[in-house]
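Engineer: Pasting the sequence and the predicted model now:
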Amino acid sequence: MRGERKFPDDEYLMSGHLACSGCGATLAMRYTLKAIGERVIIVLPASCWSMIAGVFPHSSLKVPVYHVAFETAASTATGVKAGLEMKGDKATTVLAWAGDGGTFDIGLQALSGAAERNEDFIYVCYDNEAYMNTGIQRSSATPLLTWTTTTPFHQTKEEAKKDIMGIMAAHRIPYAATASIAFPEDLFHKIKKAKEIKGFRFIHILSSCPTGWRLPSQLSIKASRLAVLTRIFPLYEIENGERYFINLKPEFHSVKEYLSLQGRFSHLTEKEMEVIQNNVEKAWERLLKKAEA
Amino acid sequence: MKVVIEWSHAVSQGDLLSRVEVISAYPITPQTHIVERLSELCASGQLKAKFLKVESEHSAMASCIGASAVGARTFTATSSQGIALMHELLHWASGARLPIVMCNVSRALGAPWNIWCDQIDSLSQRDTGWLQFYCESSQEALDTIIQAFKISERISLPSMVVLDAFYLSHTFEPVDIPDQERVDRFLPPYEPKFKIDPKEAKSFSSLTAPDTFTEMRFQIQQSMENAKSIILEVDSEFHKIFGRSYGLVEPYRCEEAEMVLVTSGTVTSTCREVIDQYRNDGKRIGLLKIRTVRPFPTEAIRENLRGVPKVAVIDRNISFGMGGIFAEEVRSVLCNEPERPLIFGYVAGLGGRDITQNTISNVIEYSLEQDQPREDVLWPDLRR
């Protein structure tokens, strides 16, 4: 990991926001804005963050926020950037900030379009692995065998999590990275780095959700850390869709350490956990190979 | 300067003269000539605008919403399935009070596939909070694009300029191109009343509770009502500079009419010819062209149809289970009038079927003969 970094004291996320206690998405925003600074416009589609940001006329953010329709984070951000450029403003960072539903599912077409055109903004997907704002329904970011309200215990999710980073790499965008709220220095550094790059930048942040993961809120950071240490959610960067850098190569940790903390996995049998362990190892091997190439 | 150009180019010329800053569009027949022409104008540097070539109409409207929100003058063009795909964001654009201008080339909606003229695409968007102008000629299209920016920017609501597929979009006509200097005088740069400014930590379109939502909707309705006088004001200013005006409606030879045809779009031109023939024969038939559908010209329609015994509305659209949409709206604004004309509702010309002089004569003859329409929805060009 990179060396110690000191965060700026500036706070752009205020207390009084409407997140659940232990919300990972809130920390993700806090660190991201510390890295970008005040010269930013946030484009915010429907997501938990539509609520967290506050109800009219209140706002929990000290930067401008544009609330937009669910599937339009990338397309509206495209227009915001174009409008700013025509008005002679090249200094403002445009930040599209969407959840996993708005990114992996309903917003994927607009995201792909903007990535293909290499639009000049940062797109952050804060991924809490289901439609949490509407009551924990499965999304294509929900992992295999996970309980949600639409994948109930007697028929948990039968499909694997969609490989959004692979999709973004295939668009050969200048920069893509994964990040975790349990590794804030790494997250901070990646946003800083993204800010200086021109073109389409994609940051995928795993954002723990105590409510939807059935996780005690005081274990939110711990679960996030274990997602990385078990290699379920590795930290890495991709430049131009082909150069992979793994930021942390953790020693072996059983996926059980991560899964057993969360009620959404409480139904898993030993055999099912073995399946998950195998899948994680295979994915890690594939990632190592890409990083070696 | 008068030149013979294709209507699509007249629309593009309107954008050029309006100094549009951001264009975002997705190709669809028969709108393509507009975006091709605009691409050329942007590529050659004649039009200093950003042209976003997005991956769908939905994204076209979303990016217009983004660009307009930061204060750029913004345009898009679409048709048929494209405007249907935009539907969700048409509401968003008006709710966010953005003065986006869109050209819609009216075309039928599938299934089955049909690429020809039909007004159902734009009329299905009546309730989205957009102003709607229905044009008869290339000249009117060009002029209305320029006017629409001015009107929209004054009332903070988006405008749709609607034109008939192929009858207008692919027709060449002589058009008087206004000179840039006079357009600049008529239409100064867009100065938004409010916009997203990176220096101001304001939120836009955030969750709004029942305690304020009604008031926001009331404001939109008020702006729409005010739009009627603003459209006329802008139209008269336009007339002073360019010598042309269009109004909310246009009555044609309605003096002492025993029957008035109500039309919109290009069929109006055909009707003018037919009306002239009837008038030459001493028959008192008139014509009322409706130009703005939103805001609906309630007062102008009441005034023009007051004392008229019979009205025949020609609709190139149908709301299934009800009938032609113009007929429906005309009936609704007249229902509280002390003296109401008898209203005949005709649905004709769907999916690009020509509305011929013969069809129009049949409409007039039937309406004159009958004391009551035999059906609420009449089909003068239906093959039985």
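Structural biologist: Okay, I see it. Numbers count the residues shown, from 1 in each chain, chains lettered A, B, ... in the order given.
Engineer: ok, for residue B:370, nearest residue in space, not its chain neighbours?
Structural biologist: In space, residue B:370 comes closest to residue B:344 once its chain neighbours are excluded; the distance is 7.6 Å by C-beta to C-beta, 6 or more residues apart in numbering or on different chains. Every C-beta, even on glycine, is put in place using the N, C-alpha and C of the backbone.
Engineer: What separation is there between that neighbour and residue B:315?
Structural biologist: 11 Å (C-beta to C-beta, to the nearest Å).
Engineer: next one: residue A:9
Structural biologist: Applying C-beta to C-beta to residue A:9 and residue B:315 gives a distance of 65 Å.
Engineer: Which one's more surrounded, the two?
Structural biologist: Each of residue A:9 and residue B:315 has its neighbours counted (other C-beta atoms under 10 Å in any protein chain shown); residue B:315 has more, 29 against 6.
Engineer: Return the residues in contact with the more buried one.
Structural biologist: B:119, B:323-327, B:345-348 (C-beta atoms under 8 Å, 6 or more residues apart in numbering or on different chains).
Engineer: All the strands of the stretch 1-150 of chain B, residue numbers only.
Structural biologist: Along the stretch 1-150 of chain B, the segments classed as strands by DSSP state E, counting those that start in this stretch run B:2-6, B:22-25, B:50-53, B:74-79, B:101-106, B:131-134.
Engineer: and what of chain A?
Structural biologist: With DSSP state E as the criterion, chain A has strands at A:40-45, A:65-68, A:93-99, A:122-127, A:175-180, A:201-206, A:236-239, A:243-246.
Engineer: Now tabulate those strands in TSV and tack on mean pLDDT, distance to chain B and mean neighbour count.
Structural biologist: Formatted as TSV, the strands of chain A follow (pLDDT from 0 to 100; distance: least, C-beta to the nearest C-beta, whole Å; neighbours: other C-beta atoms under 10 Å in any protein chain shown):
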stretch	mean pLDDT	distance to chain B	mean neighbour count
strand A:40-45	98	6	27
strand A:65-68	98	4	26
strand A:93-99	98	9	29
strand A:122-127	98	13	27
strand A:175-180	98	19	26
strand A:201-206	98	17	26
strand A:236-239	98	22	20
strand A:243-246	98	27	15
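Engineer: Using CSV, lay out the ones you listed together with distance to residue B:230.
Structural biologist: What follows is the strands of chain A, written out as CSV (distance: least, C-beta to C-beta, whole Å):
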stretch, distance to residue B:230
strand A:40-45, 30
strand A:65-68, 27
strand A:93-99, 33
strand A:122-127, 39
strand A:175-180, 47
strand A:201-206, 43
strand A:236-239, 52
strand A:243-246, 57
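Engineer: which one of the ones you listed lies closest to residue B:149?
Structural biologist: strand A:65-68 (22.2 Å; C-beta to C-beta).
Engineer: Name the residue of chain A that lies nearest to chain B.
Structural biologist: Closest to chain B within chain A is residue A:79: 2.6 Å, counting by C-beta to the nearest C-beta.
Engineer: burial count for that residue?
Structural biologist: Using other C-beta under 10 Å, residue A:79 has 34 neighbouring residues.
Engineer: try residue B:100
Structural biologist: Residue B:100 has 30 neighbouring residues, counting by other C-beta under 10 Å.
Engineer: Give me the pLDDT for the residue nearest to it when sequence neighbours are not counted.
Structural biologist: Spatial nearest neighbour of residue B:100, excluding adjacent residues (C-beta to C-beta, 6+ apart): residue B:158 at 4.3 Å. Note on residue B:158: pLDDT of 98.
Engineer: And residue B:1, by the same measure?
Structural biologist: Looking at residue B:1, its pLDDT stands at 83.
Engineer: quick one: it from chain A, how far?
Structural biologist: 28 Å (C-beta to the nearest C-beta, to the nearest Å).
Engineer: picking up where we left off before, can I get the strands of the stretch 1-150 of chain B in CSV with mean neighbour count and distance to residue B:207?
Structural biologist: Listed next are the strands of the stretch 1-150 of chain B as CSV, based on neighbours: other C-beta atoms under 10 Å in any protein chain shown; distance: least, C-beta to C-beta, whole Å:
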stretch, mean neighbour count, distance to residue B:207
strand B:2-6, 14, 46
strand B:22-25, 28, 27
strand B:50-53, 20, 28
strand B:74-79, 31, 25
strand B:101-106, 30, 27
strand B:131-134, 25, 27
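Engineer: what sits against the residue in the stretch 251-384 of chain B that chain A sits nearest to?
Structural biologist: With C-beta to the nearest C-beta, the shortest gap between the stretch 251-384 of chain B and chain A falls at residue B:294, namely 21.4 Å. Neighbour list for residue B:294: B:126, B:129-132, B:224 [criterion: C-beta under 8 Å, 6+ apart].
Engineer: sorry, back to before: then the residue nearest to residue B:370 would be within a strand, right?
Structural biologist: Yes: checked against DSSP: H, G, I helix; E, B strand; the rest coil, residue B:344 lies within a strand.
Engineer: you'd agree it is up against residue B:323?
Structural biologist: No: counting by C-beta atoms under 8 Å, residue B:344 stays clear of residue B:323, with 10.8 Å between them.
Engineer: of those two, who's got more company?
Structural biologist: Neighbours per residue (other C-beta under 10 Å) separate residue B:344 from residue B:323, with residue B:344 holding more: 28 against 21.
Engineer: For residue B:287, see how far away the more buried one is.
Structural biologist: Taken as C-beta to C-beta, the span from residue B:344 to residue B:287 is 14 Å.
Engineer: still on that earlier bit, show me the contacts of residue B:315 that map onto strands.
Structural biologist: Per DSSP E, the contacts of residue B:315 map to strands at B:345-347.
Engineer: Show me what the top helix by length along chain A is packed against.
Structural biologist: In terms of residue count, the longest helix belonging to chain A (DSSP state H) is helix A:270-292. With contacts defined as 3 or more C-beta pairs under 8 Å, 6 or more residues apart in numbering or on different chains; DSSP states H and E, helix A:270-292 has these neighbours: strand A:243-246, helix A:255-259.
Engineer: so which of the contacts of residue B:315 is the most crowded?
Structural biologist: Counting neighbours by other C-beta under 10 Å, the top entry in those is residue B:346, with 29 neighbours.
Engineer: Look up which residues are beta-bridged to that residue.
Structural biologist: residue B:314, residue B:378 (DSSP bridges).
Engineer: surely residue B:162 meets residue B:119?
Structural biologist: Yes: at 7.4 Å, residue B:162 and residue B:119 qualify as touching, with contact defined as C-beta under 8 Å.
Engineer: what about chain A, any weak spots by pLDDT?
Structural biologist: Scanning chain A for pLDDT under 70 picks out A:1-5.
Engineer: can you pull out the helices in it?
Structural biologist: A:24-36, A:48-52, A:73-86, A:100, A:108-116, A:164-170, A:184-196, A:210-213, A:220-229, A:255-259, A:270-292.
Engineer: quick one: the last one to chain centroid distance?
Structural biologist: How far helix A:270-292 lies from its chain's middle: 20 Å, per C-alpha atoms, centre = their mean, to the nearest Å.
Engineer: next one: the second one
Structural biologist: Between the centre of helix A:48-52 and the centre of its chain there are 15 Å (C-alpha atoms, centre = their mean).
Engineer: now do the third one
Structural biologist: On the basis of C-alpha atoms, centre = their mean, helix A:73-86 is displaced by 21 Å from the centre of the chain it belongs to.
Engineer: Same check on the fourth one?
Structural biologist: The chain centroid and the centroid of helix A:100 are separated by 7 Å under C-alpha atoms, centre = their mean.
Engineer: ok, the residue of chain A closest to chain B to residue B:31 distance?
Structural biologist: For residue A:79, the distance to residue B:31 - C-beta to C-beta - is 19 Å.
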